[in-house]
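Q: got a predicted structure here, sequence first:
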Amino acid sequence: MVNLLYRRVVSTKNVNNGVVADIFSELADLLELKGEQPFKVVAYRRAANNIRRLDTPVEELVGTAQLLEVPGIGEAIAEKIREIVETGKLSLLEGLRSELDPGLKELVTIPRIGPKTALLLYNKYGIRNRRQFEQALADGTLVSKGFSAVLAKSIQTALSQIGESSKRMLLIEATDAAYTLLDSLQQANGYDFRVCGSLRRAKDTVGDVDIVALPTVPERKLQPLALELEKMNGSFLAKGESKISWLTPHGVHVDIRLANKENIGAMALYFTGSKEHNVKLRTLAMKKGLKLNEYGLFRDSDGDLVAGASEEEIYRTLGLQYIEPELREDTGEIEQAESGKLPTLVDDGSIQGDLHAHSTWSDGSSTLEEMATAAEKLGYKYLVFTDHSKSESVAHGMTEAVLRRQATAIEKVRSKHPKLEILHGSEVDILRGGKLDYDDATLATLDFVVASLHRKFSSDTNLLTEAVVNALENRYLKVLAHPTGRLLGRRGENGIDLDKVLVAARRNGKAVEVNGQPRRMDLPWMWVKRAVEEGVKLALDSDAHTTGELLNMQFAVKNARKGWAGAKDVMNSVPNVAKLLR
DNA sequence: GCCGTTTTCGGCCCGACTGTTTTCAGTCG
Ligand SMILES: Nc1nc2c(ncn2[C@H]2C[C@H](O)[C@@H](COP(=O)(O)OP(=O)(O)OP(=O)(O)O)O2)c(=O)[nH]1
Ligand SMILES: [Mg+2]
Ligand SMILES: [Mg+2]
Ligand SMILES: [Zn+2]
């Protein structure tokens, strides 16, 4: 009894918006499997998306009229949220979970298998999960029992080609995959290619490569491009007049859409997405007596094309400011564009220096001299060396004595690079309780202090939050580095309460990092947006461990743009070092 | 299930590709 009560108290404290959103998202998936009305499924998905993006915890909104003001939340969903907040779960979902075999959810992850086919496989062919499906596909029993041989064949080729690469790519991997492909397609002369999708929106992970092909030769369609792809040892998932879906030899999914001069704007707009952004734009168009699709913006009354050749023209005709691709996530950009209040975003040219870089003095593999030379080449006004502190022994963290020797070494490098301000900093570990890995007397000898949590010294996230908040009180600390500690595809977030951290950062006048390492992208863009809203300054940096990795700055910039950051929000957009150090 | 400055009912973004569909369902973007 006591245990039950205890658990209840704990769970009510842990129902954050992500958890609530996941519940509605799963509910939508299971209802879809059951054949529930599609609009209901869509309604739950929409509610899930809106809850995920909400700044205020729904927990605090339960029982208030504000909850019903959230788009997509009506009486029925509000009641379900109340149940989730009070009990930690949703009985409707629990019921569906026990009713529907989890194997069904596995089946719909297979290409070409949706809810209907999954149920057919389950009920008619006795396929209980993905493993059984692959088995029955391989030994031919599925087809011999009457399953479509054509469909079976095409799923089989797709599955074998996808293999291990079914996971989402890092932004840098997708960028490389896209440009490698476009390079080899230059053979198929006669097209301009535009990269769209989540890659153009600079999401931190990318599911596939979406490309619009614009023929530069009259009468040219997709056929010559398809021929070129055929030589490349991949496989086609679909091949039509307007669209090709193709898997590279490495199993990367590529979608290609054909455009022309008149519709290239509409096509790029559609193919850049996001889906939610598209749906909202199309709904807005509808309300204005217009129709938007990938071929253009059309007047309902006479069906005439009113815009289509450029994205700018389409947004303008809809009464909107131009919306940068990074912002197209339906996090309020359409509403802000309606009233002309979108920010001017930071860009590569705003960046005056790098605030987080390593050298051979800790775990970097380029020397101070090499890093300085590279930074100078990039046109930077300053570079901060932030090698690891003593507790980071796996990363060759430096003792105080080594740190002093590094100061001397940096002094020597400075004399060779008069145009670059080289700052001696450190990436100092945040220890239990918020103590920093060097004492204040040592920190006082440094020009710039970046601090980060590298080890979860406790599984209690409250203690981690407390440590970070305390660390932010330190007078020498300038930047909180990679606040969530996530490593995309490897390790989740450390679970600290970022709301509290942002409040503490603001109170103490500290910046939070936007780390450009493709595997980190930390802060994540949604939290960058929150930081900007809270007036917390951002430190964009590369966290480079080699000279080449100084270019990670481009990803930090993209991620900051995705979080609506302008140059004024970015501390290293100031050219003047004295101002930076104030 | 949600929503409304024409609606409290009847709509909900819109289209490509595939298969066996001779007029559409399923899946996907
Ligand atoms: N209007 C509309 N557009 C869609 C829909 N689904 C996808 N799109 C558009 C917007 C997407 O950004 C674009 C490419 O689709 P993808 O499935 O590749 O999604 P996206 O690239 O955004 O994310 P990803 O990282 O690939 O999962 O196609 C849809 O249901 N309706
Ligand atoms: Mg995509
Ligand atoms: Mg795609
Ligand atoms: Zn670092």
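A: Cool, the structure landed. Ligands and ions are numbered 1, 2, ... in the order given.

Q: pull the CA atoms of the longest strand anywhere in chain A into PDB?
A: Of all segments of type strand in chain A, defined using DSSP state E, the longest is strand A:421-429. This file holds the C-alpha atoms of strand A:421-429, laid out as PDB (Å, rounded to 0.1, in the frame of the first residue of the first chain):
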ATOM      1  CA  GLU A 421      43.600  36.300 -30.500                       C
ATOM      2  CA  ILE A 422      44.500  33.000 -28.900                       C
ATOM      3  CA  LEU A 423      42.800  32.500 -25.500                       C
ATOM      4  CA  HIS A 424      43.800  30.000 -22.900                       C
ATOM      5  CA  GLY A 425      40.700  28.300 -21.600                       C
ATOM      6  CA  SER A 426      39.600  25.000 -20.200                       C
ATOM      7  CA  GLU A 427      36.800  22.600 -20.400                       C
ATOM      8  CA  VAL A 428      36.400  22.000 -16.700                       C
ATOM      9  CA  ASP A 429      34.400  19.100 -15.300                       C
END
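
Q: roughly how far is the following helix or strand past that strand from the heart of the chain?
A: Tracing the chain past strand A:421-429, the next element assigned as helix or strand by DSSP states H and E is helix A:440-443. Distance, stretch centre to chain centre, for helix A:440-443: 37 Å (CA atoms, centre = their mean, to the nearest Å).

Q: how about helix A:440-443: buried residues?
A: Neighbour-count burial for helix A:440-443, counted by 16 or more other CB atoms under 10 Å, picks out A:442-443. Every residue, glycine included, has its C-beta placed from N, CA and C.

Q: kindly report the same for stretch A:398-407.
A: Applying 16+ other CB under 10 Å to stretch A:398-407 flags A:398, A:403, A:406 as buried.

Q: A:Gly163 and ligand 3, how far apart?
A: 19 Å (CB to the ion, to the nearest Å).

Q: phi first, then psi, for the residue nearest to that residue when sequence neighbours are not counted.
A: Nearest in space to A:Gly163, with sequence neighbours left out and distances taken as CB to CB, 6 or more residues apart in numbering, is A:Gly251 at 5.2 Å. Backbone dihedrals for A:Gly251, given as degrees, to the nearest 10, come out at phi 80, psi 10.

Q: wait, doesn't A:Gly251 sit right on A:Ser160?
A: No - taking contacts as CB atoms under 8 Å, A:Gly251 lies outside contact range of A:Ser160: 9.1 Å.

Q: what about these two, which has more around it?
A: A:Gly251 (17 against 12; other CB atoms under 10 Å).

Q: re earlier: show the pLDDT at the residue nearest to A:Gly163.
A: Looking at A:Gly251, its pLDDT reads 91.

Q: can you check A:Arg8 too?
A: At A:Arg8, the pLDDT recorded in the model is 37.

Q: got it, and A:Val2?
A: At A:Val2, the model reports a pLDDT of 38.

Q: what residues sit buried inside whichever strand or helix holds A:Phe193?
A: Applying DSSP H and E as the criterion places A:Phe193 in strand A:191-195. Within strand A:191-195, the residues scored as buried using 16+ other CB under 10 Å are A:191, A:193-195.

Q: repeat for stretch A:78-97
A: Neighbour-count burial for stretch A:78-97, counted by 16+ other CB under 10 Å, picks out A:78, A:80-81, A:83-85, A:88, A:90, A:93, A:96-97.

Q: now swap in stretch A:276-286 and tell me
A: Neighbour-count burial for stretch A:276-286 flags A:276-278, A:280-282, A:284-285 (criterion: 16+ other CB under 10 Å).

Q: and stretch A:506-515, by the same measure?
A: A:506, A:510-515.

Q: so is it next to ligand 4?
A: No - applying CB under 5 Å from the ion, one finds stretch A:506-515 separated from ligand 4 by no less than 7.8 Å.

Q: still on that earlier bit, which among the buried residues of stretch A:78-97 gets closest to ligand 4?
A: Distance to ligand 4, by CB to the ion, is smallest for A:Gly88 among the buried residues of stretch A:78-97, at 37.5 Å.
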